[in-house]
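**Student:** requesting a structural model of the entry that follows:
(one chain, ligands or ions: 1)
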Amino acid sequence: MYYPTTRPRRLRSSANMRRLVREHHLRVDDLIYPLFVTAGSQIKTPVQSMPGVYNLSLDLLLPEVEKTVQLGIPGILLFGIPETKDQVGSGAYDPNGVVQQAVRAIKDKYPELLVVTDVCLCEYTDHGHCGIVRDGTVLNDPTLELLARTALSHAQNGADIVAPSDMMDGRVQAIREALDESGYEETPVMSYSVKYCSAFYGPFREAAGSAPQFGDRKTYQMDPPNVREALREAEQDIAEGADILIVKPAMAYMDIIAAVRKNFLLPVAAYNVSGEYAMVKAAAQMGWIDEQKITMEMLSGLKRAGADIIITYHAPDAARWLQE
Ligand code: PBG
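**Tutor:** You can find the predicted model right below:
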C-alpha cells in the first residue's frame with residue numbers, strides 16, 4: 001500500500017511526534033573526551049588547528065577534568081606530550097612519565113571517572129614513528145615489548161582502560177599477556193582495531209608533535225579503500241583479547257563502523273578525529289555552518305552507523321548541548 005494511504009509525514013508533524021518515533025539517541029553516556037597532558041606546570045598551549053583544544057600541564061589539566069566530570073561524561077582519553085623524545089620512546093613506559101603521573105593524579109581526585117590511556121610510541125620517539133625503527137623500517141616484533149611495557153605501566157598507575165593505537169600486528173596479545181601476568185587481568189583493552197592511514201590526523205600531529213620525521217605510516221596503518229581488511233583486523237584483535245573495537249577516523253568511514261557493528265558483538269567506538277573537528281571549527285568560524293547543529297548531526301550519524309561509544313573533542317560541547 002502506498003500514497004495516498006501511507007503518508008510518512010504524519011509521523012513528523014510535531015516535536016513530540018518526532019521524539020516518539022526517533023530511532024537513535026546520542027547520550028552523554030556515549031562520550032569519551034580526549035585530552036593532551038604535557039610535562040611542566042602552568043602550561044596551556046592552544047593547538048592552532050583545533051580551537052578549544054590545548055596542551056595542558058597536569059596542574060591545568062585537573063580543572064579541565066573536573067569540568068568533564070561535572071558534565072557527566074563517563075571517560076577521558078589521555079595523550080602524553082613528554083619533555084624529551086628518543087629513538088625508543090622511553091618516555092612512553094617511564095614509571096614517572098607524563099601520562100603515568102597524570103593518571104595517578106586524576107584517579108586520586110576523580111576515582112569514578114574512566115581514564116583511558118592511548119598506548120603508542122609516536123609522541124615519544126624522536127623519529128615520530130609508532131615503533132622501533134631500523135634502517136628506515138618500523139619493526140613489528142621488537143615494538144611489541146615496548147607497547148606491552150607502556151600499557152602495563154599505565155595500568156599500574158591506575159588506568160581503567162588501555163588503548164593501543166600503533167597498529168603493530170599482535171599488540172593486543174602482547175598487551176593482554178603483560179597485563180595478565182602482573183595481575184591486571186580485569187583491565188580492558190580498547191583496541192584501535194581499524195585505524196586507517198589518514199590525513200584527518202593532521203591537527204593531532206600538531207597537538208602531539210608526533211608527525212613522522214621521514215616517510216609516512218602506510219606500512220602499518222590501513223589503506224583507506226579497504227573494507228575486508230578492516231574485518232580481518234577486528235577479528236584478529238578479538239581473538240587476541242580486545243574488549244572494545246575502535247574505528248578511526250569516523251566520518252569518512254561510516255560504512256566501516258556499520259560493517260564492524262554487523263559482524264562482531266563487541267562494543268564499537270568511533271573516533272571522531274582531529275581533522276574532523278578542525279573542519280567543523282574552521283567552517284563555523286567563517287560563519288558558513290552552524291557548529292552546534294552540524295556537530296550533533298555528525299555525532300548522531302555515528303550512532304546510527306552503529307557506534308556505541310564516540311571519542312570526540314566536541315564531547316564537552318555535546319554534553320552541554322544535550323542538557324539544553
Ligand atoms: C597515535 C595516535 C594518533 C591519533 C590517535 N593516536 C595519531 C596518528 O596515528 O598519527 C590521532 C587522533 C586524532 O587525529 O584526533 N598513534
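
**Student:** for stretch 138-151, buried residues please.
**Tutor:** For stretch 138-151, a neighbour-count test (16 or more other CB atoms under 10 Å) marks 138, 140, 143, 144, 146, 147, 148, 149, 150, 151 as buried. The C-beta positions use only the backbone N, C-alpha and C, and glycine is treated the same way.

**Student:** gap between that stretch and the chain center?
**Tutor:** Its chain's C-alpha centre and that of stretch 138-151 lie 20 Å apart, by CA atoms, centre = their mean, to the nearest Å.

**Student:** ok, stretch 123-134 next?
**Tutor:** Stretch 123-134 has its C-alpha centroid displaced from the chain centroid by 20 Å (CA atoms, centre = their mean).

**Student:** for it, C-alpha coordinates in PDB please.
**Tutor:** Presented in PDB, the C-alpha positions along stretch 123-134 are these (Å, rounded to 0.1, in the frame of the first residue of the first chain):
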ATOM      1  CA  GLU A 123      54.600  11.000  20.800                       C
ATOM      2  CA  TYR A 124      57.800   9.700  22.500                       C
ATOM      3  CA  THR A 125      60.100   8.800  19.600                       C
ATOM      4  CA  ASP A 126      62.400  11.400  18.000                       C
ATOM      5  CA  HIS A 127      61.600  10.000  14.500                       C
ATOM      6  CA  GLY A 128      57.800  10.200  15.200                       C
ATOM      7  CA  HIS A 129      57.000   6.600  14.200                       C
ATOM      8  CA  CYS A 130      54.800   4.300  16.300                       C
ATOM      9  CA  GLY A 131      57.500   1.700  16.800                       C
ATOM     10  CA  ILE A 132      61.200   0.900  16.800                       C
ATOM     11  CA  VAL A 133      62.900   1.900  13.600                       C
ATOM     12  CA  ARG A 134      65.900   0.200  11.900                       C
END
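
**Student:** is that stretch anywhere near the ligand?
**Tutor:** Yes - under the criterion of CB under 6 Å from any ligand atom, the ligand is reached by stretch 123-134 at residue 130.

**Student:** on that earlier part again, output the buried residues of stretch 138-151 as TSV; include the columns secondary structure and pLDDT.
**Tutor:** Shown next, in TSV, are these (DSSP: H, G, I helix; E, B strand; the rest coil; pLDDT from 0 to 100):
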residue	secondary structure	pLDDT
138	strand	96
140	coil	97
143	helix	98
144	helix	98
146	helix	98
147	helix	98
148	helix	98
149	helix	98
150	helix	98
151	helix	98
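
**Student:** farthest-separated two in those?
**Tutor:** Pairwise distances among those were taken by CB to CB; the largest, 18.4 Å, belongs to 138 and 151.

**Student:** count the neighbours of the closest residue to the ligand within the stretch 101-250 of the chain for me.
**Tutor:** Among all residues of the stretch 101-250 of the chain, residue 204 sits closest to the ligand, at 3.2 Å; criterion: CB to the nearest ligand atom. By the criterion of other CB atoms under 10 Å, residue 204 has 24 neighbours.

**Student:** surely it is in a strand?
**Tutor:** No - according to DSSP: H, G, I helix; E, B strand; the rest coil, residue 204 belongs to no strand; its state is helix.

**Student:** what pLDDT is listed against the closest residue to residue 30 other than its chain neighbours?
**Tutor:** Nearest residue to residue 30, sequence neighbours excluded (CB to CB, 6 or more residues apart in numbering): residue 310, at 5.3 Å. Residue 310 carries a pLDDT value of 98.

**Student:** how much space separates residue 310 from residue 295?
**Tutor:** 11 Å (CB to CB, to the nearest Å).

**Student:** same thing with residue 87?
**Tutor:** 40 Å.

**Student:** neighbour count winner among these two?
**Tutor:** residue 295 (22 against 11).

**Student:** run a quick neighbour tally on the nearest residue to residue 148 once chain neighbours are set aside.
**Tutor:** Distance criterion CB to CB, 6+ apart; nearest residue to residue 148, sequence neighbours excluded, is residue 178 at 3.7 Å. By the criterion of other CB under 10 Å, residue 178 has 21 neighbours.

**Student:** swap in residue 122?
**Tutor:** Residues lying near residue 122 (other CB under 10 Å) number 23.

**Student:** which SSE is it in?
**Tutor:** Using DSSP states H and E, residue 122 maps to neither a helix nor a strand.

**Student:** swap in residue 79?
**Tutor:** Going by DSSP H and E, residue 79 is in strand 75-81.

**Student:** same for the least confident helix or strand in the chain by mean pLDDT, what does it pack against?
**Tutor:** Lowest on mean pLDDT, DSSP states H and E among the helices and strands of the chain sits helix 202-208, with a mean of 92. With contacts taken as 3 or more CB pairs under 8 Å, 6 or more residues apart in numbering; DSSP states H and E, helix 202-208 sits against strand 75-81, helix 274-285.
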